[in-house]
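*Asks:* Just to be clear, the model below is a prediction. Sequence and coordinates:
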Amino acid sequence: MSDALVDCTSGQYIQNVREKLGLGRTEFANLLGLNSTGERTVRGWETGEHKPTVRKINDIKALESFLKEQQTNAPFYCEKGEFTFIDLFAGIGGIRLPFQNEGGKCVFTSEWDKFAQKTYLANYGDMPHGDITKIPSKQIPNHDVLLGGFPCQAFSQAGLKQGFNDTRGTLFFDIQRILVEKRPKAFLLENVKQLRGHDKGRTLNTILSILTGCNANIDVEDLSINDEAKMALSEKLNYHVEYKVLRAADFGIPQNRERIYIVGFDKDYFGSDVKFSDFFEWPEPTCQPTRVGDILEDINTYDEDKFTISDKLWSGHQKRKEEHKQKGNGFGYSLFDEESEYTNTISARYYKDGSEILIDQTSLNKNPRKLTPRECARLQGFPEEFIVDAVSQGQIYKQFGNSVCMTVVKELAKNLVKAIRKLETRY
Ligand SMILES: C[S@@+](CC[C@H](N)C(=O)[O-])C[C@H]1O[C@@H](n2cnc3c(N)ncnc32)[C@H](O)[C@@H]1O
């Protein structure tokens, strides 16, 4: 039907455009620049409760070509692949890119943070779906590999350590229900190292027992998880599962970031008698020397001195450090320079005051400075082409702090994909 004959203000038209683009209402609203109640506005348009303004109708009409343009401009857009994967809790795609580079095609992404979605869209040309807890697994395409760096606050040392009693801890059960429904050949999960010792090891044991199918019945009534996840717990998975803590600094990146990685291979698909250690091996640390200077930019190329911290912040940091010292602990800011071997772990709170990684500028007679967004990208092993300015500086710091060290994931992706290929061609 020609555009002239279509009522572009009708709810049906708007819904059709949205569904054709594969967008949830929240993501549709985000792309149209609506505010936090945007999902409700879009729902109202679709049900005919109210109509969009002429400007918004024009934006809706232009959305398809906008998304096409994003794909054209995205440095890491990928059309085809030899295997498929999904990217859950995708953040800015730190786990995605290495798998894409190994020949994979991402067929589904979920990330609900609208700023992370923006960086993701700019780099990969794909707009992520939103809240995974609201997406039935039947709506997720079949895939060979599931990837998920699930939220870690509930398990991290700095957090409240609530684990499965914290809704952020129960997101593992969304991975579990998708595995039950889709049975990908393999998966890679990532989390903070503290997951290993959380609740005296019981949390990790529960996760591993669910993945291997050795789980005794779990009391689902106590868990705040959706009905599909509750139902899925009555089905047993059958994955061969291994885990290991790997450190970025052991793979040539000057950051002391340790993370737990959990890999799994479906025994129903590959066979229960397979000796998986003949096929999959953990990446060996390269142990090449690291130096913070290798990720630093020439700060003089910036017009403004916007990374040097203010006198107020610097004296606050010094005061707090002194107070900690009096109490006999080593907490407080940390200073690094070019010759430092590696930095502390960059965290999602880096944007607040930068205390975990400050670069010494005594030689310039200045207060210390924060890392630049490009330096954060390098500290996480991201390629130079990665777009770091699709969002504000505060948001990009948060995104890199939440992300993974891509260099480590690259080694893991290589070995995991190699294992699948070897397993599939073993006869
Ligand atoms: C630890 S970060 C993972 C980052 C990712 N691995 C990367 O490379 O950037 C967890 C991510 O999960 C997202 N998230 C948390 N709850 C979610 C939900 N219910 N649905 C979708 N995404 C969610 C957060 O916004 C965050 O970006």
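*Replies:* Nice, thanks for sending it over. Residues are numbered from 1 along each chain as shown.

*Asks:* Which positions in the stretch 51-200 of the chain make contact with the ligand?
*Replies:* 89-95, 110-113, 116, 131-133, 149, 151-152, 171 (Cβ under 6 Å from any ligand atom). Quick note: C-beta positions are derived from backbone N, CA and C, even for glycine.

*Asks:* Tell me which entries of those residues lie within helices.
*Replies:* Of those, the ones assigned to helices by DSSP state H are A116.

*Asks:* I'd like to know which of the residues of the stretch 51-200 of the chain next to the ligand are buried.
*Replies:* Buried members of these, counted by 16 or more other Cβ atoms under 10 Å: 89-95, 110-113, 116, 132-133, 149, 151-152, 171.

*Asks:* Show me the shaky parts of this protein.
*Replies:* Along the chain, segments meeting pLDDT under 70 span 1-6, 152-169, 216-217, 220.

*Asks:* how is it carved up into domains?
*Replies:* Domain segmentation of the chain under automatic domain parsing yields 3-71, 78-283+405-424, 292-389.

*Asks:* mind checking which of those is nearest Q399?
*Replies:* For Q399, the closest of the domains of the chain is domain 78-283+405-424, at 4.8 Å, according to Cβ to Cβ.

*Asks:* how far does the closest one sit from the chain's center?
*Replies:* Offset of domain 78-283+405-424 from its chain centre (Cα atoms, centre = their mean, to the nearest Å): 10 Å.

*Asks:* Can you get me the start-to-end distance on that domain?
*Replies:* 24 Å (Cα to Cα, to the nearest Å).

*Asks:* Could you do stretch 302-315 as well?
*Replies:* Chord length of stretch 302-315, first to last residue, is 25 Å (Cα to Cα).

*Asks:* Assess the claim that D126 and Y120 are in contact.
*Replies:* Yes. Judged on Cβ atoms under 8 Å, D126 makes contact with Y120 at a distance of 6.8 Å.

*Asks:* Next, show the common contact partners of the two.
*Replies:* Residues touching both D126 and Y120 (Cβ atoms under 8 Å, 6 or more residues apart in numbering) are T109.

*Asks:* closest point of this structure to the ligand, which residue?
*Replies:* The ligand sits closest to G91 of the chain, with a gap of 2.1 Å, by Cβ to the nearest ligand atom.

*Asks:* for the stretch 51-200 of the chain, what spans make up the helices?
*Replies:* 54-73, 96-101, 114-124, 172-182 (DSSP state H, counting those that start in this stretch).

*Asks:* mind checking which of those is nearest V404?
*Replies:* Of all these, it is helix 96-101 that lies closest to V404, at 9.1 Å by Cβ to Cβ.

*Asks:* Tell me the helices and strands packed up against that closest one.
*Replies:* Counting contacts by 3 or more Cβ pairs under 8 Å, 6 or more residues apart in numbering; DSSP states H and E, helix 96-101 packs against strand 83-88, strand 104-110, strand 145-148, helix 406-424.

*Asks:* What lies in contact with that helix?
*Replies:* Taking Cβ under 8 Å, 6+ apart as the rule, helix 96-101 contacts 76, 78, 81, 85, 87, 90, 106, 109, 124, 145, 147, 382-383, 406, 409-410, 412-414, 417.

*Asks:* go again using 6 Å as the cut-off
*Replies:* Here helix 96-101 makes contact (Cβ atoms under 6 Å, 6 or more residues apart in numbering) with F76, C78, F85, D87, C106, V409, K410, A413.

*Asks:* wait, which of those is closest to N58?
*Replies:* F76 (29.6 Å).

*Asks:* Name the residues of whichever strand or helix holds L204 that come out as buried.
*Replies:* L204 is part of helix 202-212, with elements assigned from DSSP states H and E. The neighbour-count check on helix 202-212 (16+ other Cβ under 10 Å) flags T203, L204, T206, I207, L208, S209, I210, L211, T212 as buried.

*Asks:* the strands in this protein, which residues?
*Replies:* Under the criterion DSSP state E, the chain carries strands at the ranges 83-88, 104-110, 145-148, 186-192, 239-247, 258-266, 335-336, 358-359.

*Asks:* what's the angle between the first one and helix 114-124?
*Replies:* Comparing the axes of strand 83-88 and helix 114-124 via axes from the mean of the first three to the mean of the last three Cα atoms, to 10 degrees yields an angle of 160 degrees.

*Asks:* Give me the residues contacting strand 83-88.
*Replies:* Strand 83-88 is contacted by residues 96, 99, 104-110, 143-148 when judged by Cβ under 6 Å, 6+ apart.

*Asks:* Now rank the residues you listed by neighbours and give me the top one.
*Replies:* Neighbour count (other Cβ atoms under 10 Å) singles out L147 as the most crowded of these, with 30 neighbours.

*Asks:* residues contacting the nearest residue to that residue once chain neighbours are set aside?
*Replies:* Excluding its sequence neighbours, the residue lying closest to L147 (Cβ to Cβ, 6 or more residues apart in numbering) is I95, at 4.7 Å. By Cβ under 6 Å, 6+ apart, I95 lies in contact with L147, G149, V404, V409.
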